[in-house]
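Trainee: could you work out the structure for the sequence below:
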Amino acid sequence: MTTATITLKTDTKDNWESTNRVLKENEPGFERVTIDGEDYVNMKLGDGVTPWNSLGYVWRMRNDIQINDNISTDSTTYSSQKIDNMINSAVANRAKQYGVRFVGSSKEGTRLGDAVGLTASAGTDLVDAYNDFDYIMPWKCRRVNGALDENGDFDVVAIEGEPYFSLDGTNGDVFVERPKFYYKYVFADDYFEVWICTEQLEGYQLPKRFVKSDGTVDDVIYKACYKMGLDGSGNPTSVSGKNTMLTYTLGQGLTKARTLSDYYCLETTYDRQIEELLFMVEYATRDTHSVMSGASNLAYNDVEDISTIATSDTNSIIVSNDVAKKYVIGQTIVIGSSKNGEQISDYTDGRRIVSISTHDDENKSIVFDGDAIDSIPVGSFLSSRCWYSGGSDDVLSPSGQCGNLNDGKHQCRYRYIEDLWGNQWSWLCDVLIFNYQTYVCDDDSIRYIASDPRESAYYKAVDYTNSNGAGYIKELGYDEDYPYVRITTVVGGSSATYFCDYYSPGSGLRAFRVGGYIISGGGLLTQSAAYDPTDSFWSIGCRLSYFA
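Mentor: Coordinates of the predicted model:
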């Protein structure tokens, strides 16, 4: 542990009185004096105006602290009440430290420091839940429209609440502004703690995400609110209403992001760390599903999800009442002649459910958008795919999801960032894994390269090895040189203990993805190293990020 010694101003009574200096506001000064053979230390607090000889004392004798009113004079500045008011003011204006402690296997944490007594809730499209952290930095944040300029600086063109702010891309991409903060981890044998403060107190460090390539520090950063879609010209974008099922490999996603400029990239481990730190302290839990589920339990690959009545030249599929209950308005679907198939309508069509209504006593009609389909025979299979971006737009709070917070069918957002878990995996572009060893790229301008990271000068091995077995996460690795790279080292937990999220490894060269998708029960810390960086699936998406 790094420690520091702070030397306070201490001198004899005669020397203090001879200098009669003016202490700064709330600056302490200590006076050593011997009275009747007893050693005392008298203390005064400055106000930035009054000389030493005119200040009253705060007197410390042995283990007692009290106001020494007995030696106050008519010319002294302080009384007991004034000292008390000064101390209260100093406490009120000190840097706040918000912490949480997790002990053993418990998924729930204990609030520490200034987080004690605070309430954190998530909202829905009907309820704007009260949350103390909405009014506290660094959780307090805002959405903006903007993009990087030619120098790599983020240019804000509109702020939510202004007339031209938009979510649909008519005024640019949608990002959330995150103010600078500091954090620290405390690790012990049977517990660990996470702390957040807006000032760099002892033991705290600045998240790497706020540090630019030249070593300077940003006071705020910006994170894409939505997974990456494409605009009408095929450019990558973070806006509402886009099909994010682009089936990009890690390399393709990164290349696409860089068509905007060389400063753009995909989400990184230190992007992800920001949200993990903020979430754990805010909600005092490692179980993200206990707060909101996200789109993590949609109907998928079910043999009984078949059409019961044939339709033709229409935008509807008729299914039983029981099957219809599994689907919700707004989600996307595919239709096939085989279980989970896409022969009739595939994910690129992006068919979204617009209504679910009664067809007859036993069946319902699921109506979807897009062109009419020539024929949907009896026995055609229905299955879910990822939501378009923007399914959380109607949520009334910065964090939450539409409908029931735990129904597993709707997209969630945390501090305005949609799909941090559930709906669609997200590639991270600054780490590669080879045979369970993680390598992190320490050059912002390079990121993913499709060669062996062991032979690359740009990649460095972290000082721990990932778990080679799949399971619920029990422990995450920690390297003090790369504290933002937190990948599973030990499994053996459960959905109700430790981190409550699942980890999947793979041998050979592997990319890293996070958050889970529509059926995995994914959470904020759900992790997978099971896929090669050249793999691509509709279930893996990208999120724009940047460096400068």
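
Trainee: show me the domain layout of this protein.
Mentor: 9-93, 132-295+399-546, 307-385 (automatic domain parsing).

Trainee: and the end-to-end length of the longest one?
Mentor: Put plainly, it is domain 132-295+399-546. 30 Å (CA to CA, to the nearest Å).

Trainee: avg pLDDT for it?
Mentor: Average pLDDT, domain 132-295+399-546: 96.

Trainee: run the chain-centre distance for it.
Mentor: Mean C-alpha position of domain 132-295+399-546 versus that of the full chain (CA atoms, centre = their mean, to the nearest Å) differs by 7 Å.

Trainee: same check on the last one?
Mentor: Taking CA atoms, centre = their mean, one finds the center of domain 307-385 at 35 Å from the center of the full chain.

Trainee: end to end, how far does it reach?
Mentor: 17 Å.

Trainee: go on, stretch 258-268?
Mentor: End-to-end distance for stretch 258-268, by CA to CA: 15 Å.

Trainee: do stretch 304-320 as well
Mentor: End-to-end distance of stretch 304-320: 9 Å, with CA to CA as the criterion.

Trainee: quick one: buried residues of it?
Mentor: Residues 305-309, 311, 315-320 are the ones in stretch 304-320 that count as buried (16 or more other CB atoms under 10 Å). Just so you know, the C-beta spots here come from the backbone N, C-alpha and C atoms, and that holds for glycine as well.

Trainee: now it: average pLDDT?
Mentor: 96.

Trainee: from residue 164, how far off is the closest residue to residue 153 other than its chain neighbours?
Mentor: Here the nearest residue to residue 153 in space, its sequence neighbours aside, is residue 548; by CB to CB, 6 or more residues apart in numbering that works out to 6.3 Å. The spacing between residue 548 and residue 164, counted by CB to CB, to the nearest Å, is 25 Å.

Trainee: compare these two (neighbour count), which wins?
Mentor: A direct count of neighbours by other CB atoms under 10 Å for residue 548 and residue 164 places residue 548 higher, at 16 against 11.

Trainee: residue contacts, the residue nearest the centre of the chain?
Mentor: Nearest residue to the geometric centre of the chain (CA atoms, centre = their mean): residue 275, 1.5 Å. Residues in contact with residue 275 (CB atoms under 8 Å, 6 or more residues apart in numbering) are 414-415, 417, 420, 524.

Trainee: hmm, who's touching the helix or strand containing residue 503?
Mentor: In the assignment (DSSP states H and E), residue 503 maps to strand 502-504. If you take CB under 8 Å, 6+ apart as the criterion, strand 502-504 is touched by 467, 470-473, 488, 491, 516, 520-522, 526-530.

Trainee: same thing with stretch 354-367?
Mentor: With contacts defined as CB under 8 Å, 6+ apart, stretch 354-367 is touched by 308-309, 315-321, 324, 327-329, 333, 353, 368-369, 382.

Trainee: any idea how far apart the tips of it sit?
Mentor: The straight-line separation of the ends of stretch 354-367 (CA to CA) is 6 Å.

Trainee: quick check: mean pLDDT across it?
Mentor: Mean predicted confidence for stretch 354-367 is 98.

Trainee: and for residue 216, the neighbour number?
Mentor: For residue 216, using other CB under 10 Å, the count is 9.

Trainee: circling back: neighbour count, distance to residue 199 and secondary structure for the contacts of residue 275 - can I get that in a markdown table?
Mentor: Listed next are these as a markdown table, based on neighbours: other CB atoms under 10 Å; distance: CB to CB, whole Å; DSSP: H, G, I helix; E, B strand; the rest coil:
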| residue | neighbour count | distance to residue 199 | secondary structure |
| --- | --- | --- | --- |
| 414 | 26 | 24 | strand |
| 415 | 24 | 21 | coil |
| 417 | 26 | 25 | strand |
| 420 | 26 | 27 | coil |
| 524 | 26 | 26 | coil |
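
Trainee: biggest separation within these, which pair?
Mentor: Pairwise distances across the contacts of residue 275 (CB to CB) peak at 11.7 Å, for the pair 415 and 524.

Trainee: just the contacts of stretch 354-367: which are in helices?
Mentor: Those of the contacts of stretch 354-367 mapping onto helices are 321, 324, per DSSP state H.

Trainee: take the contacts of stretch 354-367 and keep only those in strands.
Mentor: Using DSSP state E, the members of those that fall within strands are 308-309, 316-320, 333, 353, 368, 382.

Trainee: so which of those residues is the closest to residue 258?
Mentor: Distances from residue 258 to those, taken by CB to CB, are shortest for residue 333, at 33.0 Å.

Trainee: what about the residue nearest to the closest one when sequence neighbours are not counted, how many residues nearby?
Mentor: Leaving out its chain neighbours, the residue that sits closest to residue 333 by CB to CB, 6+ apart is residue 351, at 5.3 Å. Number of residues near residue 351 (other CB under 10 Å) recorded here: 23.

Trainee: for the remainder of this discussion, apply numbering that starts at 24.
Mentor: All right, first residue 24 from here; so that's residue 374.

Trainee: ok, residue 374 - contacts?
Mentor: Applying CB under 8 Å, 6+ apart, we find residue 374 in contact with 355-358, 368, 391-393.

Trainee: distance of it relative to residue 424?
Mentor: Using CB to CB, we find residue 374 at a distance of 22 Å from residue 424.

Trainee: from residue 505, how far off is residue 461?
Mentor: Going from residue 461 to residue 505 by CB to CB gives 9 Å.

Trainee: anything in contact with each of the two?
Mentor: Joint contacts of residue 461 and residue 505 (CB under 8 Å, 6+ apart) are residue 485.

Trainee: can I get the ones in strands among the contacts of stretch 377-390 in TSV including distance to residue 193?
Mentor: Formatted as TSV, the ones in strands among the contacts of stretch 377-390 follow (distance: CB to CB, whole Å):
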residue	distance to residue 193
331	42
332	41
339	31
340	33
341	37
342	37
343	41
356	28
376	25
391	25
405	34
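
Trainee: can you pull up the bridge partners for residue 33?
Mentor: With DSSP bridges applied, residue 33 shows beta-bridge pairing to residue 53.

Trainee: hmm, residue 53 and it touching each other?
Mentor: Yes - with contacts defined as CB atoms under 8 Å, residue 33 counts as touching residue 53 at a distance of 4.3 Å.

Trainee: shared neighbours, these two?
Mentor: Common neighbours of residue 33 and residue 53 (CB under 8 Å, 6+ apart) are residue 64.

Trainee: and the helices in the stretch 424-571 of the chain, which stretches?
Mentor: Per DSSP state H, counting those that start in this stretch, the stretch 424-571 of the chain carries no helices over any range.

Trainee: would you map the strands across it?
Mentor: Under the criterion DSSP state E, counting those that start in this stretch, the stretch 424-571 of the chain contains strands at 435-437, 440-441, 448-457, 460-464, 482-488, 494-499, 511-514, 525-527, 532-537, 550-551, 563-564, 567-569.

Trainee: swap in the stretch 174-323 of the chain?
Mentor: 177-182, 196-202, 205-210, 214-220, 243-247, 252-253, 259-260, 287-289.

Trainee: neighbouring strands of the second one in the sheet, and parallel or not?
Mentor: Just to be clear, that refers to strand 196-202. Sheet pairing for strand 196-202, assigned by DSSP bridges, gives strand 165-171 (antiparallel), strand 243-247 (antiparallel).

Trainee: that one: which residues count as buried?
Mentor: Quick answer for strand 196-202 (16+ other CB under 10 Å): 196-202.
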